[in-house]
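Asker: Quick one, fold the following:
(one chain, ligands or ions: 1)
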Amino acid sequence: MRDFLPDDSTVLRLIDVRDLGDARPGEELVTADLTSSTEMRAVMEGVDAVIHPGGIAGEDTYGHIRDVNVDGTYDVLKAARQAGTRRVAFASSIHAVGLYPRTDLIGPEVPVRPDTSHGVSKVYGEALGRMYAEKYGVTFVSVRICSFRPRPRDTRHLSTWLSPRDAAQLFARAVTAPPEVLPHGFRSVAGISGNARRWMTPESWDALGYVPQDDAESHAAEVESLRGDPDDLTEQRQGGVFVSPNYRGRTG
Ligand SMILES: NC(=O)c1ccc[n+]([C@@H]2O[C@H](COP(=O)([O-])OP(=O)(O)OC[C@H]3O[C@@H](n4cnc5c(N)ncnc54)[C@H](O)[C@@H]3O)[C@@H](O)[C@H]2O)c1
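Answerer: Here you go, the predicted model:
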């Protein structure tokens, strides 16, 4: 996403626990742990807007998910509020609603149906963001990323793909759209490209000014045959392999 974020006078302060390599022009790289409230407060100084994709991106033990995705997101938001940062965009996930059937077209206001502890942590992040928006005036956009990757790899991705350049545009819009377009300071939006086969509505894209440049359909010929058993739950629900009771993610 870093390759596509607007090339203007914005300074990007990139935070991670791992080495991010060399800083490019306009970047500041900081090694920090989002589970440390002290470190989050330090890195938040002077920040106008936060894009928060940090954390565990798949299923893991409940304890690890809780420490990083739940407590860490709390630390990020608390530090933002304390530093006077007013804009936050959060990398939520399709796994907050992963148990919806693929035959449904869902909007951001449907009841959550998380498919994993990971999905539950995203529901928590969305709820925390809503509370911060309504109570503390921190505008919060939750982007339910579906499948962020350079290109689709299977048939499911024809519905769920979010290309890197669309992701960058969507997150940039999420932290720069006029506050008037965020009722109660909060929006939840589908994090996908302009896929013809999408399972999520494009609600709020117009309000934010997000105009996707990509559609997974242009990769259909490459991946159309790559699908699992249609009788398997993982092929019937939006969350894919995450919906299986046997799925353990990084815990094996
Ligand atoms: N990739 C997808 O298809 C997808 C789908 C849905 C949601 N998301 C969400 O988007 C975000 C990014 O996903 P990704 O696929 O790029 O994952 P990723 O693992 O590449 O990125 C997450 C980053 O967070 C960092 N991190 C982990 N723990 C940290 C800590 N304690 N302190 C600071 N940094 C820490 C990791 O080092 C990593 O660089 C995640 O929140 C993920 O849940 C991604």
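
Asker: Relative to the ligand, how far out is Gly194?
Answerer: From Gly194 across to the ligand, the span is 17 Å (Cβ to the nearest ligand atom, to the nearest Å). C-beta coordinates here come from the backbone N, C-alpha and C atoms, glycine included.

Asker: List the contacts of the closest residue to that residue other than its chain neighbours.
Answerer: In space, and not counting its chain neighbours, Gly194 is closest to Pro212: 3.5 Å by Cβ to Cβ, 6 or more residues apart in numbering. For Pro212, the contact set (Cβ atoms under 8 Å, 6 or more residues apart in numbering) comprises 163, 166, 169-170, 192-194, 205.

Asker: Just the ones of those residues in helices?
Answerer: Judged by DSSP state H, these include 166, 169-170, 205 as members of helices.

Asker: any chance of these in a markdown table, with distance to His118, neighbour count and pLDDT too?
Answerer: As requested, the ones in helices among the contacts of Pro212 are exported to a markdown table (distance: Cβ to Cβ, whole Å; neighbours: other Cβ atoms under 10 Å; pLDDT from 0 to 100):
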| residue | distance to His118 | neighbour count | pLDDT |
| --- | --- | --- | --- |
| Asp166 | 22 | 24 | 97 |
| Gln169 | 25 | 23 | 96 |
| Leu170 | 21 | 26 | 97 |
| Trp205 | 25 | 18 | 97 |
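
Asker: Filter those to keep only those in contact with the ligand.
Answerer: Applying Cβ under 6 Å from any ligand atom to the ones in helices among the contacts of Pro212, one finds that nothing falls near the ligand.

Asker: ok, of the contacts of Pro212, which one's closest to Asp71?
Answerer: Nearest to Asp71 among those: Leu170, at 26.3 Å, using Cβ to Cβ.

Asker: Please report the distance of the closest one from His64.
Answerer: 28 Å (Cβ to Cβ, to the nearest Å).

Asker: Repeat that for Val112.
Answerer: Counting by Cβ to Cβ, the gap from Val112 to His64 is 21 Å.

Asker: and what of Leu12?
Answerer: Between Leu12 and His64 the distance is 27 Å, computed by Cβ to Cβ.
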